[in-house]
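**Q** Give me coordinates for this.
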Amino acid sequence: MKFTVAVLLLALPIIGHADEPKSLSEAMSVLAKDISSLQSNVDALGRKQWAYMPSRLRIVRSQASIYRGADDDSGVLTKLPEGQTARIVDKAGDWYAIGLDQEVKGQRAGWVPASSVVPEPVAFGPSPINKDDIYESIMEQVSAFKEKYKQNPYIRITGFSVDVSLSPGVSVDLEFK
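**A** Below is the predicted model of the structure:
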């Protein structure tokens, strides 16, 4: 009886670490799958969010300037007339990135200040997704991701950031031991 207990006690550390990768290559493979899964989950939240967000905007200034970047000093690509609509690609602060109907100076998108446009009306569903809910969901997933790698002998998660702007995203900082 004492022999059996001793064998079990000696085996527990081996059983307890069965999920640890046995090589850097295996750790990298698991990391790649985990990052892909996290990205898929964040993308799915973004699609839910976009289901209730405007996808187009309308120019409300005559000859609104479309810039190379989200800054007045980035240079004007083109101008669009009042009333024209464009597809929203992204948003940064008080600027919208819009898709251009044709390539202009080598670019298929440009930036317009929010003061020059109005988002097209959208019919909201009964319960549009809330940015706080998106943030909480991503935080839970990233926290679990970080916890999973807490004791990993090859990889350490050193930090992360979550962005729930127009299109949610997550950035994970890691280092190899």
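**Q** all contacts plus neighbour counts: C-alpha atoms, from now on.
**A** Will do.
**Q** what's the following helix or strand after the top helix by length along the chain?
**A** When the chain is scanned for its longest helix (criterion: DSSP state H), the result is helix 24-50. Per DSSP states H and E, the first helix or strand lying C-terminal to helix 24-50 is strand 56-59.
**Q** Direction included, what does that following strand pair up with?
**A** In the sheet, strand 56-59 lines up against strand 85-92 (antiparallel), strand 117-119 (antiparallel) (DSSP bridges).
**Q** for those strands, which one sits closest to residue 155?
**A** The closest of the strands paired with strand 56-59 to residue 155 is strand 85-92. By CA to CA, the value is 32.5 Å.
**Q** For the longest helix of the chain, the averaged confidence score.
**A** Taken as a whole, helix 24-50 carries a mean pLDDT of 81.
**Q** can you offset everything so residue one is 25?
**A** Sure thing, new numbering starts at 25, so read that last one as helix 48-74.
**Q** quick one: the helices in the chain?
**A** 26-40, 48-74, 155-172.
**Q** worst-scoring helix or strand of this protein, pLDDT-wise?
**A** helix 26-40 (a mean of 35; mean pLDDT, DSSP states H and E).
**Q** just to revisit the earlier point, take the strands paired with strand 80-83 and write them to CSV, including mean pLDDT, distance to residue 201 and mean neighbour count.
**A** Shown next, in CSV, are the strands paired with strand 80-83 (pLDDT from 0 to 100; distance: least, CA to CA, whole Å; neighbours: other CA atoms under 10 Å):
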stretch, mean pLDDT, distance to residue 201, mean neighbour count
strand 109-116, 88, 36, 18
strand 141-143, 89, 48, 19
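**Q** Those: which one's closest to residue 186?
**A** Per CA to CA, nearest to residue 186 of the strands paired with strand 80-83: strand 109-116, 14.9 Å.
**Q** can I see the domain layout of this structure?
**A** 48-75+150-200, 80-143 (automatic domain parsing).
**Q** any idea which of these scores lowest on pLDDT?
**A** Looking at the domains of the chain, the weakest mean confidence is domain 48-75+150-200, a mean of 80.
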